[in-house]
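Chemist: Sharing a sequence plus its predicted fold:
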Amino acid sequence: MEVIKTVKFKYHGDLNNLFRDFKEMIEFCIDKALELGITSYAKLRKAVYEEWKERWYPRYHTHYCHSACKIATAILKNFRKRKRKGLTNKDRPEIKKDFVKLEELLFKFEGDRVKIATSPRKWI
C-alpha cells in the first residue's frame, strides 16, 4: 500500500511554470503511451526517458519523469476502463486541473514553507 500526502496551498508566480510544465510532461507521456500502445509504467518510462531528458532535463530533475509516467499510466488505466464501459466517447484523456506529484526527494519542509527542487541543487 502506498501512502500519498496531499497539501493544498496558495502559491506564488514561481510555481506557475512548474505546474504548466508538469502538465505538459504528463500529456507527453500519455501521447507516447497511446502512440506505442504501452500500458505499463516501466515500459512507458523506458520509452520516453531519453526524449524527456532532451526536452526538460536541464530545468527539471529526472524524478519528474518518473512521476509523470506514473500519473500518465494511472490516467490511461482509468480512461480505458471508462471507455470499455461506454462512459466516454473521447479519443484520449484530458487533464483539466494543474497539479504536481512530487517524490520524497523533490521537496522538504523548512518551518512553515515547502521547498521544491526543480533541477539539481536548485529550489523554489
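Modeler: Everything's here; your move.
Chemist: pLDDT at residue 38, what is it?
Modeler: On pLDDT, residue 38 comes in at 94.
Chemist: and what of residue 65?
Modeler: The model's pLDDT for residue 65 equals 93.
Chemist: Repeat that for residue 68.
Modeler: pLDDT, residue 68: 95.
Chemist: Surely it is within a helix?
Modeler: Yes. Per DSSP: H, G, I helix; E, B strand; the rest coil, residue 68 lies within a helix segment.
Chemist: ok, and the closest non-adjacent residue to it?
Modeler: Distances taken as C-beta to C-beta, 6 or more residues apart in numbering put residue 25 closest to residue 68, at 3.9 Å, once the chain neighbours are dropped. To be clear about C-beta, it is placed using only N, CA and C from the backbone, and glycine gets the same treatment.
Chemist: Also residue 120?
Modeler: residue 61 is the one closest to residue 120 (C-beta to C-beta, 6+ apart), at 6.6 Å.
Chemist: cool, and residue 48?
Modeler: In space, and not counting its chain neighbours, residue 48 is closest to residue 32: 5.0 Å by C-beta to C-beta, 6+ apart.
Chemist: Just the buried positions in the host helix or strand of the residue nearest to residue 68, please.
Modeler: For residue 25, the element it lies in under DSSP states H and E is helix 14-36. By neighbour count on 16 or more other C-beta atoms under 10 Å, the buried set for helix 14-36 is 15, 18, 21-23, 25-30, 32-33.
Chemist: how many neighbours does residue 76 have?
Modeler: 19 (other C-beta atoms under 10 Å).
Chemist: And what about it, helix, strand or coil?
Modeler: helix.
Chemist: Would you confirm that it contacts residue 30?
Modeler: Yes. The pair residue 76 and residue 30 qualifies as a contact (C-beta atoms under 8 Å) at a distance of 6.3 Å.
Chemist: Which residues are in contact with each of those two?
Modeler: Counting by C-beta atoms under 8 Å, 6 or more residues apart in numbering, the contacts common to residue 76 and residue 30 are residue 93.
Chemist: Quick check: the two most widely separated of the buried residues of helix 14-36?
Modeler: Farthest pair in these (C-beta to C-beta) is 15 and 33. Separation: 26.4 Å.
Chemist: Perfect, I'm done here.
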